[in-house]
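Q: Predicted model, plus sequence, below.
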Amino acid sequence: MELPPRRPRATILTLSRSAGVSASTVSRALKGDPRISKSMRSRIAELARDAGYLPNALARTLSSGRSGLLGLVLGPRSNPFYATLLEEVVAQSADRSLRFLILHAGPGPIEDRTTEALLQYQMDGCLITSADMSSRAAEICASNGVPVVMINRVPRLHASAVSCDNAEGGARMAEHLLAGGHRRAAVIHTGGASSNGIDRERGFTEAFLAGGGHIAARFDGRSIYEGGHDAGRQIAAMDARPDCVFAVSDIIAMGAMDALREAGLAIPRDISVSGFDSIPEAARAAYDITSFEQPLTTMVRRGLDLLTDRIADPSLPEEAITLRGTLIARGSTRRPATS
C-alpha cells in the first residue's frame with residue numbers, strides 16, 4: 001500500500017512567509033525578544049501554535065553545542081526492578097525537560113560501541129543504572145567532557161554515584177531473621193561481580209554470624225527468577241534444611257519461593273524467605289515477601305541532580321552518595337515472638 005505524502009513540517013522559514021517578516025524576526029519573536037513588538041510576538045506565537053511548530057532540536061544542538069539528550073543504561077528486563085527504575089527516571093526527567101535515549105539494556109558490561117554512541121549523538125551526559133564501565137569507556141567519557149552518574153551502583157572511574165546502603169540492608173535483614181528465631185540460613189547471591197549483590201551478601205553474612213547464626217549453604221541465583229527457582233529446589237532437597245533464605249534480590253526470592261512451595265513446604269511455617277529491592281511484584285499477595293526497600297525516588301532525584309550539575313559545570317568533583325533504605329516485613333518470614 002502506498003503511503004500518503006507526509007505534510008511538510010512548520011519551520012522558521014514557513015512561519016516567516018506566513019507572517020510576512022524575516023526568519024530572524026520570527027526567531028527573535030519566539031524567544032520573547034523585546035526588540036520585537038508585543039503585537040508581532042503575539043501574532044507569530046499564534047501562527048506557530050496553529051501550524052504545530054516545534055523548535056528543531058538538531059538546529060539547537062548546532063548552535064548551542066548541547067543536544068538536550070542524555071544516555072541511559074538499564075539492567076536486564078528479566079528483573080522488574082529495572083522497569084520500576086525506568087518509570088521513575090522517565091517521570092522525573094519529564095519534570096526537568098530532560099530526554100533520554102536508551103543505549104544499553106541487559107546484562108553484561110557496557111561495550112565500547114555504547115560509549116561511542118554517546119559521542120556520535122552528542123549526548124550531554126549518561127545515567128547508568130546497571131552494568132560496569134570498562135576503564136577505556138570511562139576514559140572516553142572523561143576526555144570528551146561527558147559526565148557519568150551511576151544509580152544503584154557504586155562509583156567507578158570518572159563517575160559519580162548514588163546507591164542504597166546495601167551492606168546495611170543485608171545486616172538489617174539478618175537481624176530481622178535472627179529475631180524471628182532463625183539460626184540456619186541459605187544465601188542466594190548473584191554469582192557475578194555485582195557490587196550490590198556482594199555488599200548485600202557481606203552485610204547479611206557478617207550480621208547473621210555475629211548474632212549466633214550459621215550459613216548452611218550458598219547458591220548462585222544468577223540474578224534471575226530461574227536461578228532462584230533452581231536454588232529453591234536444591235534447598236528443599238537438603239537433608240539438614242535451612243530454616244530461612246536470604247536472596248539478594250526479590251526476583252531471585254520469588255523463584256526460590258515457588259520452588260519451595262512446589263516441594264510441599266509452607267512459607268513461613270517450614271522456612272522463611274526474604275529478598276531485597278521491594279519491587280511491586282514481591283508485595284503481591286501471592287508472594288508477600290519481606291524485603292529491603294531502596295529509596296528509589298530519592299536515588300533518582302539525587303542522581304539527576306548530580307548529572308545536571310556536572311553538565312552545567314564540568315569542573316565539579318565526582319561525588320558518591322549512599323542512602324539508607326527501609327526493611328519491609330511481610331508474610332514470608334516469621335515475626336519475632338514479642339511482636
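A: Yep, that arrived.

Q: hey, let's count contacts and neighbours off CA atoms from now on
A: Fine.

Q: residues in contact with Glu206?
A: By Cα atoms under 8 Å, 6 or more residues apart in numbering, Glu206 lies in contact with Ala171.

Q: Mind pulling up the pLDDT for it?
A: For Glu206, the pLDDT comes out at 98.

Q: Same check on Gly20?
A: pLDDT, Gly20: 89.

Q: And for Glu46?
A: 86.

Q: Would you quantify the distance from it to Leu74?
A: 41 Å (Cα to Cα, to the nearest Å).

Q: So for the two, which residue has more residues nearby?
A: A count of neighbours by other Cα atoms under 10 Å puts Leu74 above the other of Glu46 and Leu74, at 20 against 12.

Q: Please report phi then psi for the more buried one.
A: Per-residue torsions, Leu74: phi -110, psi 160 (degrees, to the nearest 10).

Q: The nearest residue to it once chain neighbours are set aside: what's it in contact with?
A: Excluding its sequence neighbours, the residue lying closest to Leu74 (Cα to Cα, 6 or more residues apart in numbering) is Ala105, at 4.6 Å. Shown in contact with Ala105 (Cα under 8 Å, 6+ apart): Val73, Leu74, Gly75, Pro76, Arg77.

Q: By mean pLDDT, flag the weakest helix or strand of this structure.
A: Averaged element by element with mean pLDDT, DSSP states H and E, the chain has its least confident helix or strand at helix 57-64 (a mean of 49).

Q: Run a quick neighbour tally on Val187.
A: Neighbours of Val187 using other Cα under 10 Å come to 23.

Q: Got the phi and psi for it?
A: Main-chain dihedrals, Val187, degrees, to the nearest 10: phi -110, psi 130.

Q: That one contacts Asp243, correct?
A: No. Val187 lies out of contact with Asp243 (Cα atoms under 8 Å); the separation is 11.4 Å.

Q: Now do the contacts for Leu296.
A: Neighbours of Leu296 in contact, by Cα under 8 Å, 6+ apart: Leu85, Glu88.

Q: try Ile235
A: Ala186, Arg241, Pro242, Leu260.

Q: quick one: which of those sit in strands?
A: Cross-referencing the contacts of Ile235 against strands under DSSP state E gives Ala186.

Q: The closest residue to Gly213 other than its chain neighbours: how many residues sit nearby?
A: Closest residue in space to Gly213, ignoring its immediate chain neighbours: Arg183 at 4.3 Å, by Cα to Cα, 6+ apart. Arg183: 20 surrounding residues under other Cα under 10 Å.

Q: Arg183 contacts Ala216, correct?
A: No. With contact defined as Cα under 8 Å, Arg183 does not reach Ala216; the gap is 9.2 Å.

Q: ok, back up a step: show me which pair in the contacts of Ile235 is furthest apart.
A: Farthest apart among those by Cα to Cα are Ala186 and Leu260. That separation is 12.7 Å.

Q: can you tell me the distance between the two ends of stretch 243-254?
A: With Cα to Cα as the measure, stretch 243-254 spans 17 Å from end to end.

Q: quick one: that stretch to chain centroid distance?
A: Offset of stretch 243-254 from its chain centre (Cα atoms, centre = their mean, to the nearest Å): 20 Å.

Q: So which residues make contact with that stretch?
A: Residues outside stretch 243-254 that contact it (Cα under 8 Å, 6+ apart) are 79-80, 173, 177, 182-190, 197, 200-201, 221, 223-229, 270-279, 282, 287, 289, 291, 333.

Q: about what we covered before: any idea how far Val187 is from the residue nearest to Leu74?
A: Distance, Ala105 to Val187, by Cα to Cα: 27 Å.

Q: Backbone torsions only: list them for the residue nearest to Ser93 when sequence neighbours are not counted.
A: With sequence-adjacent residues excluded and distances taken as Cα to Cα, 6+ apart, Ser93 is closest to Arg99, at 6.7 Å. Torsion angles at Arg99 (phi, psi; degrees, to the nearest 10) stand at phi -130, psi 130.

Q: Equivalent analysis for Ile224, please.
A: Per-residue torsions, Ile224: phi -140, psi 160 (degrees, to the nearest 10).

Q: Was I right to think it contacts Arg77?
A: No. Applying Cα under 8 Å as the test, Ile224 and Arg77 come out as separate, 9.9 Å apart.

Q: Helices of the stretch 101-250 of the chain, start to end?
A: 112-120, 135-143, 166-179, 195-210, 225-236, 250-262 (DSSP state H, counting those that start in this stretch).
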